[in-house]
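**Student:** coords please:
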Amino acid sequence: MTDNVLLIFGMLALCLSASLASDIIPLQDFCVADPTSPVVMNGLACKDPKKVEANDFSFSGLDVAANTSNPLGSTITPVTVYQLPGLNTLEISLVRVDYAPSGVNPPHTHPRASEILTVLEGSLEVGFVTSSPENRRISKVLKKGDVFVFPVGLVHYQKNVGSGNAVALAALSSQNPGVIVIAGAVFGSVPRFGADVLGRAFQVDQGVVDYLQSKY
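**Tutor:** Numbers count the residues shown, from 1 in each chain. Have a look, this model is predicted:
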């Protein structure tokens, strides 16, 4: 009897952990996001189904190359629930990434999603870093048509290693995956981290910390 009870509780725990690790599972045909709703909740409130139209499920523009004239040499064009309301509760989103030659999508993490990336044009070095204390960097150079997956929550990056522009399309397992760019989060936080904290963390003096913070 005790073994059966433990088995039942174990299965419940697994089900609960799985449900907490993903977006809200829809209990109806769709829940088109209503950004004007005053309701505060985990996710976005549903639009009245009677007012839903085809445009709520459509997005245009991923065929357009983005301007990459910026310090990173890369630009993200997102298609999350905020651009495509019909994604609400569906646990998926999409981004297009354009890279100038030597452009970088810098080390970052998505707190709520795994990512699968496909190279459409050019050649990219991609990789991610495993969790501490191993901190192992797993990387690979991808060509047109190659696919690579970044596990949820792990720091990852891409760099254009080809001679021309590059383009990638990535799918993510959340309607709102979120993004934390490591350098910006550490050196551009509001309010700032104390120089003593970052100095110890990176083993550098205050002048280096001040310089890096001035960039964000």
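**Student:** C-alpha from now on. contacts and neighbour counts both.
**Tutor:** OK.
**Student:** need the contact list for residue 139.
**Tutor:** Each residue near residue 139 by CA atoms under 8 Å, 6 or more residues apart in numbering is listed here: 125, 126, 127, 128.
**Student:** Now flag whichever of those is closest to residue 90.
**Tutor:** residue 128 (25.9 Å; CA to CA).
**Student:** Now do that closest one: how many residues are near it, please.
**Tutor:** 22 (other CA atoms under 10 Å).
**Student:** Show the pLDDT at it.
**Tutor:** You'll see residue 128 listed with a pLDDT of 98.
**Student:** How about it: which residues does it bridge to?
**Tutor:** Residues in a beta bridge with residue 128, per DSSP bridges, are residue 138, residue 156.
**Student:** Verify the stated contact: it with residue 135.
**Tutor:** No: under the criterion of CA atoms under 8 Å, residue 128 is not in contact with residue 135, lying 9.4 Å apart.
**Student:** Quick one: the helices in this structure, in order.
**Tutor:** 2-20, 182-187, 195-202, 206-214 (DSSP state H).
**Student:** give the contact list for residue 117.
**Tutor:** Contacts of residue 117 were listed using CA under 8 Å, 6+ apart, and they are 147, 148, 149, 168, 169, 170, 171.
**Student:** Going by neighbour count, which of the residues you listed comes out on top?
**Tutor:** Counting neighbours by other CA under 10 Å, residue 168 leads these with 23 neighbours.
**Student:** Would you quantify the distance from that one to residue 181?
**Tutor:** 18 Å (CA to CA, to the nearest Å).
**Student:** do residue 152 as well
**Tutor:** Distance of residue 152 to residue 181, given as CA to CA: 14 Å.
**Student:** One more: residue 77?
**Tutor:** Taking CA to CA, one finds residue 77 at 16 Å from residue 181.
**Student:** for residue 205, same thing?
**Tutor:** From residue 205 to residue 181 the distance is 23 Å (CA to CA).
**Student:** same thing with residue 190?
**Tutor:** 14 Å.
**Student:** quick one on the thing from earlier: out of the contacts of residue 139, who's nearest residue 107?
**Tutor:** residue 128 (8.3 Å).
**Student:** Who are the contact partners of the nearest residue to residue 149 once chain neighbours are set aside?
**Tutor:** Spatial nearest neighbour of residue 149, excluding adjacent residues (CA to CA, 6 or more residues apart in numbering): residue 116 at 4.3 Å. Each residue near residue 116 by CA under 8 Å, 6+ apart is listed here: 147, 148, 149, 150, 170, 171, 172.
**Student:** Please name the residues that touch the most centrally placed residue in the chain.
**Tutor:** Geometric centre of the chain, nearest residue: residue 110, 3.6 Å, by CA atoms, centre = their mean. Going by CA under 8 Å, 6+ apart, residue 110 touches 152, 153, 154, 177, 178, 179, 180.
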